[in-house]
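Undergrad: turn this into a structure:
(2 chains)
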Amino acid sequence: MNDKSVMKWNASGEKKKRSKGILRRLAGQWQVQSMILPGILFIVVFSYIPMYGITIAFKEFDIFQGISGSPWVGFKQFRLFFESPDFVMIMKNTLVIAVLKLIFIFPAPIILALMLNEVRLAAFKRIVQTLTYLPHFISWVIVSGLLFSILAVESGSLNIALQKLNLIEQPTNWLSVPKYFYSILISAGIWKEIGFSSIVYLAAITGINPHLYEAAAMDGAGRFKQMVLVTLPSIAPVVTIFLILHIGNLLNAGFEDILAITNSGKNTILRDVSEVIDTYVYNFGVNQQRYSFATAAGLFKSIINVLLLWGANSIARRMSGSSLW
Amino acid sequence: MRGRRKHFTVISVMTALSLALSACGGDSSATKSSGDNQTSGETALFGEQPLEFSFYSNYDFASPIGYGNDVSTKWLKENKKLNLVEIGSNGNASQKFGTMVASNDLPDVIMLDRGSTDYTTMQKNGMLVPLDDYYKKYPVLQKLIDPETFNMLKAEDGHIYVIPNWFDSAQNQYKNVNTGWTVNQEIYADLGKPELKTFDDLYSYLKQVKEKFPNVVPLEPGIAMNGVNMLYKLIYAGNGGNRTIWNIGDVPTFPNTETHTLESIFNDPAYLDAFKYMSQLTREGLVSPDMFTQKQEQVQEKLNSGRIAVTAISNITGLGNTANDILRAKDPNAGYDFIPFLYKSGIDPTTVNPHTYGTLGWNVVVITKKAKQPEQIFQFYDWWASEEGQRINAFGPPGLLYDKVDENGAPIDNEKAKTIKPEEKANLKIGLFNPLGSPLYYKITHFKNAQDPDHQNWGMAASEYFAKFAKLNTDQFNNMKLDPKSDAGIKEQQIKQIWQEANAKMIFAKNDEELEAVYKKLQADVMKAGYEDILAEKTKLWQSNLAQMKP
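TA: Below you'll find the model as predicted:
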């Protein structure tokens, strides 16, 4: 903001006046404005200053030589990543999981919010909300523990239930058959995050002017029509913003969840379907102390993410008018 | 999901940055401390003056035990004026280690793998205290470590920087190994104690178990480590020819001890054979199908409740001992007992020797130049390696469960030891503090068991039994780890992934055709990934070790 005002200030006398006005206004609100300082400081310290370390993506980083002392190696780390025999498999998995999450995990909290909004009984609504939030606070390690015991072959609850219902004869090895992996991952993801993610949509719904509903009711719209014609369009800008952010994070297909459900990669039979960029970086980079390699792969991912974010934003701006910038 | 997940770039970059920032400030003090030569003139003996040092174990699994909370460390604190500041690895040892190095915040003492990159870099950068003079000055360790072993533990510069942990010696007659087959005695008796010698015997026995005891796990393979369960290793070694479980590590190899070259294990017929057997057992539901997902606690629970018929678990002497204490409290005839190593029909059983031994030990303890009192620290380890220290390691401090010791150094149970309840004894947490193991440990535990053969400790008896099948000396395979940043190291990591994935696929294959297809692909894939280069590289290291070992 400061840069802009300085620029305007130099440009012409007229703008000079206005920017002076802004400065004066800011000065007048200094108590309020100063509240943002810790936030700015936080971002500068933890997001901007560390960017210097990105240089190790182009180096052969050695912890004893430090960031500046390590020798430059150009694009060697990137080449190693792209030429890795696993590269295609990793990219495929990353994209598949990302798209599945976009299709199933992204809309789930919106649907839950819409459904909760229709619940008349306040007590019931509150109970459902609390119950759906709770899993958010459980770590993936614990969730995977629950999953392992539910899906175990020997005395796993799901197998016992299905056997008692005579739906299957022999217990199924849910966790060691690759084709079940995505369903388990996505279902667990929805279960864990649906409640917490729906908070923001519920808040958006609360902000809708009740007159709109009254007017729609007068025009003869039933509850369903009210939902489709009033609620949904009203929260559409919020949904758009979150969709843009989600797409900007697309290549962050998962890390803790995948690591936990594959038993830290020990369940190797799932590797063909479960290894994504982040888990690969963890296994082959950080764990092997190949920090430069890990940074290169991470940087590659971040660049794609920025491009995706930018693309999604400009599409959204053109199509719906609401966008991040 | 939105952005909650941290970017890996940010994490790695942040770590890197914090490393760099802190490294800047640290250099001067590092050089300072290396110049600070400790005068090793008159030093009071261990226990006569207070000693405090920080200790870090460079393993993901290592976590602080809470020094001073169990009987042994409480005793050391009160009677030997020793205080230990434990530093945890937070489940990610390599990261923790990197941070400590870069911030020049190394602990006084580190336990880590011998010959690991972490060790060699510290040693080459002058961060470790040479221990040559201390070894000469103090009596216990110099006597316990064989001269050949001592030579192999030396660094390239001719100095010794390490104290070996759980090392062995040619003089030690009481070796211990923690892994082998055990059989549930109750079930075995119930089924009429059929012969259990070959894999065919095992197969038909497991069939009977499954039929008669549907709620029992016929064969328990334990948890997966490095992509494979102990069961697989034992089956492979059961193919005789002195194949060992040792060679199935990160990237398995077949060490040809006649030509002294490492060969491809993937061309070894026993390799495919073992997988076919594993796969058959899995298909027929004779082995726990949760083998790649279960945790140690689940395995222990199955053991403790006696729900396993046959085990092939790593560290069964420890896990089984706990289970036997519980099971035999109810029924003296229950519990698990060890059997000879099973073998493939038609194989000469005398060539089934799955275990290995080495005098170099499991890992090493090093003293960094950060330590203010390196000599006193060495004194502690020298004392701990003695009979007195090892007795505390195995049986707790004196005055608790024993007041006197016999002529072999084994403790003699006092009244409390005879009446203490198993749960109460477990709460004492004897053996939790375990800073160093020396061969005297085996000697003391052996003679303790010999005092009363009727009430001997099952785990110790089993350990000594399994150790009879340790024939190959692995000292020759010392320092054969490849730097993960080198070309060969990168290839090794890829091959590791390829073979671990193929393992699971072969074990869960629907039929032998599918298994063989995976196997063929595995053979081709490892070759493509450069397996032969790894073999050549490691053969070179092996042969230079052999040259170094020659007198």
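Undergrad: what pLDDT does residue 49 get?
TA: Reading this off chain A. According to the per-residue confidence, A:Ile49 scores 91 in pLDDT.
Undergrad: oops, chain B please
TA: According to the model, B:Gln49 carries a pLDDT of 91.
Undergrad: give me phi/psi at it?
TA: For B:Gln49, the backbone dihedrals (degrees, to the nearest 10) come out as phi -130, psi 150.
Undergrad: that one: neighbour count?
TA: The burial count assigned to B:Gln49 is 11, neighbours taken as other Cβ atoms under 10 Å in any protein chain shown. The way it works is simple: take the backbone N, C-alpha and C, and place the C-beta from them, glycine included.
Undergrad: equivalent analysis for A:Val238, please.
TA: Counted with other Cβ under 10 Å, A:Val238 comes out at 17.
Undergrad: share the number of residues neighbouring B:Lys448, please.
TA: Around B:Lys448 there are 24 other residues, counting by other Cβ under 10 Å.
Undergrad: excluding its backbone neighbours, what's nearest it?
TA: Ranked by Cβ to Cβ, 6 or more residues apart in numbering or on different chains and with sequence neighbours excluded, the top spatial neighbour of B:Lys448 is B:Ala410, at 4.1 Å.
Undergrad: now swap in B:Asp200 and tell me
TA: With Cβ to Cβ, 6+ apart, the residue lying closest to B:Asp200 is B:Ser345, at 5.2 Å.
Undergrad: tell me the contacts of the one you found?
TA: The contact partners of B:Ser345, taken as Cβ atoms under 8 Å, 6 or more residues apart in numbering or on different chains, are B:Thr198, B:Phe199, B:Asp200.
Undergrad: got a list of contacts for the helix or strand hosting B:Val518?
TA: Assignment of secondary structure by DSSP states H and E places B:Val518 within helix B:512-528. The list of residues contacting helix B:512-528 from outside it, by Cβ under 8 Å, 6+ apart, reads A:85, B:264, B:266-267, B:272, B:275-276, B:279, B:495, B:498-499, B:502, B:505-506, B:509.
Undergrad: how about the closest residue to chain B within the stretch 101-250 of chain A: what's its closest non-neighbour residue?
TA: Taking Cβ to the nearest Cβ, chain B has its nearest neighbour within the stretch 101-250 of chain A at A:Val153, 4.2 Å off. When the adjacent residues along the chain are set aside, A:Val153 lies closest to B:Pro289, with 4.2 Å between them (Cβ to Cβ, 6+ apart).
Undergrad: what's the answer for B:Ile308, then?
TA: B:Glu220 (4.4 Å).
Undergrad: now do A:Tyr182
TA: Leaving aside its sequence neighbours, A:Tyr182 is closest to A:Leu100 (5.9 Å, by Cβ to Cβ, 6+ apart).
Undergrad: distance of that neighbour relative to A:Ser187?
TA: Taken as Cβ to Cβ, to the nearest Å, the spacing of A:Leu100 relative to A:Ser187 amounts to 11 Å.
Undergrad: tell me the pLDDT at B:Thr253?
TA: pLDDT recorded at B:Thr253 is 92.
Undergrad: ok, now the one 4 residues further on?
TA: The confidence metric pLDDT takes the value 88 at B:Thr257.
Undergrad: same check, this time on the one 4 residues further on
TA: As summarised for this prediction, B:Thr261 has a pLDDT of 94.
Undergrad: now do the one 5 residues further on
TA: As summarised for this prediction, B:Phe266 has a pLDDT of 93.
Undergrad: try B:Asn324
TA: pLDDT, the model's per-residue confidence, is 93 for B:Asn324.
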